[in-house]
Structure formats: C-alpha cells, structure tokens
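Engineer: Sequence and predicted structure below; questions after.
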Amino acid sequence: MALSPETIGLIGIAGLLALIFLRVPIGIALSMVSVVGIYSIVGPRAAVGMVAQLPYDFSAHWTLSSVPMFLLMGYFCYHAGLTEGLFRLARLWLSWLPGGLSVASIVGSALFAAVTGSSLACTAAMGRIAVPEMLKAGYDKGLATGTVAAAGTIGSMIPPSILLIIYGIFVEEPISELFLAAFVPGVLTAVMYSIMVPVRARLSPELAPTVAETVTLRERLWAVRETWPVMLLIVGVFGGLFSGAFTPTEAGAVGAALSVMIAAIKRALTWQVFKAAVSETLRSTAAIFVIAIGAQLLTRFFALSGVTQLMADFVGGSGQSQLQVILMISLVLVILGMLLDPIGIMLLTIPILLPILEAQQIDLIWFGVLMAKFLEIGFITPPVGLNVFVVKGIVGDLVPTHLIFRGIAWFVAMDFVTIGLLIAFPAIILWLPGLFAH
C-alpha cells in the first residue's frame, strides 16, 4: 500500500529529528531526508532532476554572493587588528562608569558587529583584547568572560547580519529592509546590556573594581581619530545600501574592497593576514552553503508532501491568536537554541514555519528580526553555546566553563526583556524600514 505524500512528509520530519539527535551534521541530515523524501514522492527520474538542479539554482542566487563579501570584510578588519582601536575608543570614553571596561567591551562589540556580520568573529576579536584587560583590572571572571560572549551575539543582529541575509533569501524579503529593521533592536540590545552592567557593578562593587585612570579629552579625541577608517567603512557601505545606491551584493563587495584598502593604508595587510582572511571566509561560506542547500531541498520536499500546509491548516483551525502562535514558536526556538547552531536552526525551521506565518498574516520582516534575536540567545545558552566556547578557547584553563555560563545569565535575562519589548511594541522593529520607505 502506497503512503500518501503527507505521511511521507511526517515520516521525514521524524527521521530528521532522529538524525539530529544522533548528532549527524545538520546540512547532511537535511539533504539525506530531503533526497529520500523527494524520491519517495515523485519517483527516481523527477527526483534526480530536482536534486541536481536545486543546489545550482540556489548557489547561483545573486544576493547570496553578499555572504562571502561581508564575511571577507569582517575577517580583514579582524586580522588587520582594527578591533583594538574600537575597544580603545570605547574604553577611553566609558571607563568612568561602574563596570566601565565591561561596558566598553559591549560598545566595542556593537561597533565591530557593523563590519563583520558574524557573532563568532565578533566574540573572538573582542575576546582577545577585552578579556585580558578586565581580568588584569580584577574583574569577576564570570562577568569578564560572560560580557564578551554575550556582546558577541550583537554581531548576529546589527547589519550586515549573515543570519538576516540567509533569512531574507529564503522568505524572499528585501535584505536592506531586514537590515534597517534589525538596527534599532541591535542597538537596544547593547543599551540593555550597558545599563545592566553598571547597575550590577554599583550594587556589587567587587564584581568590577574601579579602574584608576585619568583620561584627557585630547586622548579621547585621538582615539576617535584612530578609528576613522572603520567609521568610514561603516558609513560608506551602509549609507550606500540604505540610500539605494548599492544592492546588498554590491555593498558587500564595496565593503570587502574598502577593508583591504584600509588594512593596506594602516600597513597591516601582510600575506598572513590576507591568507587567514580568505581561508576563514571560504570555510565559513562553505559551511553555510552546505546547510542552506540542504534547507532548500527540504523546502521542496515539504512543498511536494504538503506537510507544511497541513501544519498551517492545523494551526489556523485551532483558533490560536497571533500572540499565541508567536509564543509557541518562541518556545521551540529557545529549546532548539540549546541543541543546534543558529544557522542550522533557522534553515531547519523556516520551511516549516513560513506557511504558518503567512496563514497567520505575521509580518515576515518583524518575525525575521525576532527570530534573529532568539538565535542570538542560542549562541550563549548551554550545552552548545558557541560563543562561550570561543571565549573558553581564549582564556584556556584560567576560567572554568561553568563560570562563563554563569556570567552570561544576567545577559540572557536582559535578552528576554528585550524580546518582550519587541513583541509588545512591533514598531521598534518596523519603524526604521517604514521611515525609509517614505
């Protein structure tokens, strides 16, 4: 007796969950289930045609080429040592605050996020500079390491977020609008962190001893002058993108070219820097593309099986409100964030969630930013917590892993406060895109 397409789709979901539970890499798991599922529904001849054509069609997507461009921009800035200037700028202007070095790490990470688009790169870059400074100043080990791990997540929100580029391609929403929508929530995240740290430092001074440092206005202005290349890069790339002068791909290419020029001008463009930036870009891009191609195949499999429409009809028929649907999805994203890497979560869930979101008439721009915010939390929650292990790799045996996870607890709490604001007041996300549209 032949199985119906819907039954095959449901079996495919169960098989996918089983493979993930067995720790099969997410890209391979997506592709395996999709290929078998498509074969079972349409037969061998049609399946071979689809499986052969879909990866090429997806990889040839023009906007997708912005991913390696923005990654290259960030890696050149990182390996050329431009991060030090951003942290120094933030430290000289903010060291007077309780927990000033921690706040400087947050602000420095937010600035570097605007040239990298990668949470892991942001964490690694700031961690090598800020964590030793804070530990030297006698900061609590959990606070010092937790600050950098949490602040690194801003790299997934503030443009040019790689997560949002991938999301925009899959849901067919303008990348520039997603970038605009994510800017205010990204800044809000940094502000919430920067409020929480001084309050904690004031209530518990032993967490962040006051740094006795006299800083003149001239030193502060000189620090601003030192970082002008990075500021020029940010303004040039995103000014062109948001004004409509550049497409996302062109903005990424301009950013990559400018980052190379800046590294050369600062005499930091060595063969080692060039090789490291290009090789890391290639590795990161390849990993993203493997998962993305698997997700594209999964989308086609689910479309053929009708299982996503089945779920959308079920949710619609259950009488759930938009808020109830969002809260259920939020719970799923939080749980998955503890088990999988963020890009894997996004590409695993979009094929399932998209019909549900459309049936509920939920704004896809708003949801994309909200989803990126939940995936940020996944970077720092156990047991996966990729940012935590990046910081652990920097500090070695100096700080136990459990202390780093303990240090991020307050930051996760602030993330949930921010998410509550984004859900309660959607205009926080949608205001800037609406402003530019007019």
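Structural biologist: Okay, I see it. Numbers count the residues shown, from 1 in each chain.
Engineer: Next up, the contacts around residue 373.
Structural biologist: 157, 185, 189, 415, 418, 419, 422 (Cβ atoms under 8 Å, 6 or more residues apart in numbering). Bear in mind the C-beta positions are built from the backbone N, C-alpha and C, glycine included.
Engineer: and with 7 Å instead?
Structural biologist: Shown in contact with residue 373 (Cβ atoms under 7 Å, 6 or more residues apart in numbering): 157, 185, 418, 419, 422.
Engineer: Residue 197 is in contact with residue 102, correct?
Structural biologist: Yes: if you go by Cβ atoms under 7 Å, residue 102 and residue 197 touch, sitting 4.7 Å apart.
Engineer: hmm, back to that, among the contacts of residue 373, which are located in helices?
Structural biologist: Among those, the members found in helices (DSSP state H) are 185, 418, 419, 422.
Engineer: Residue 77: neighbour count?
Structural biologist: When neighbours are defined as other Cβ atoms under 10 Å, residue 77 has 29 of them.
Engineer: returning to what we had before: show me whatever sits in contact with both of residue 102 and residue 197.
Structural biologist: residue 147.
Engineer: Point to the residue nearest the middle of this structure.
Structural biologist: Central residue of the chain (Cα atoms, centre = their mean): residue 156, 2.3 Å from the mean position.
Engineer: For that residue, give me the pLDDT.
Structural biologist: Residue 156 is assigned a predicted lDDT (pLDDT) of 86.
Engineer: Low-confidence stretches in the chain?
Structural biologist: Scanning the chain for pLDDT under 70 picks out the ranges 1, 212, 315-318, 438.
Engineer: for it, which helix is longest?
Structural biologist: The chain, longest helix under DSSP H: helix 271-305.
Engineer: Which positions within that helix qualify as buried?
Structural biologist: By neighbour count on 16 or more other Cβ atoms under 10 Å, the buried set for helix 271-305 is 273-274, 277, 280-281, 284-285, 287-302, 304-305.
Engineer: just to revisit the earlier point, give me the nearest residue to the residue nearest to the centre of the chain, chain neighbours excluded.
Structural biologist: Spatial nearest neighbour of residue 156, chain neighbours left out: residue 119 (4.5 Å); criterion: Cβ to Cβ, 6 or more residues apart in numbering.
Engineer: secondary structure class for residue 380?
Structural biologist: coil (DSSP: H, G, I helix; E, B strand; the rest coil).
Engineer: Next: the one 3 residues further on.
Structural biologist: Remark: residue 383 carries the secondary structure label coil [criterion: three-state DSSP].
Engineer: need the next SSE after the longest helix of the chain, C-terminal direction.
Structural biologist: helix 307-317 (DSSP states H and E).
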